[in-house]
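Student: Here you go, sequence then predicted model.
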Amino acid sequence: MLFIFLIIFSIIGVIFVLPILALFIFLILKRNSIINMSEIMTSAFNKVMNETNMYSNIRSTGSSLSKAEALEILGLEKNASPEQINTAYHKLMKSMHPDKGGSPYFAQKLNEARDTLLG
């Protein structure tokens, strides 16, 4: 009698519990893959946009910034020393570099500002 009860209970478990468990596992795995795919697509989109901006905003090799504009970009005063210029440049470039998700246009402007001020 106990053996028949265990067999019936096992069959009910297989019929009702396993599909629910399989569905739960499937939804968890699908959710993780959707999140990962979203991150991959966002990263690829940002890279494409950064490269597009970089090529569309590149100017001639000569610096077109005035000294006042360069100081303003780096957030410095008129009497800034070369050390202050380099410190400000490196601090801003850490967040503006295209490899760190920053804008190629702004990174280019930082380079131009530093080059203008350091001669």
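Tutor: The structure has been received and is ready for your questions. Residues are numbered from 1 along each chain as shown.
Student: Quick one, grab the pLDDT at L117.
Tutor: For L117, the pLDDT comes out at 93.
Student: Give me the most central residue, this structure.
Tutor: Against the mean C-alpha coordinate of the chain, by CA atoms, centre = their mean, the closest residue is G101 at 4.9 Å.
Student: For that residue, which residues are in contact?
Tutor: Applying CB atoms under 8 Å, 6 or more residues apart in numbering to G101 gives the contacts N46. The C-beta positions use only the backbone N, C-alpha and C, and glycine is treated the same way.
Student: Phi and psi next, for it.
Tutor: Here the main-chain torsion angles of G101 (degrees, to the nearest 10) amount to phi 90, psi 10.
Student: Show me what the strand or helix carrying F5 is packed up against.
Tutor: Following DSSP states H and E, one finds F5 within helix 2-12. For helix 2-12, not one helix or strand is in contact under the criterion 3 or more CB pairs under 8 Å, 6 or more residues apart in numbering; DSSP states H and E.
Student: and T116, how many neighbours does it have?
Tutor: T116 is flanked by 20 other residues according to other CB atoms under 10 Å.
Student: Same check on P82?
Tutor: Neighbour count for P82, taken as other CB under 10 Å: 11.
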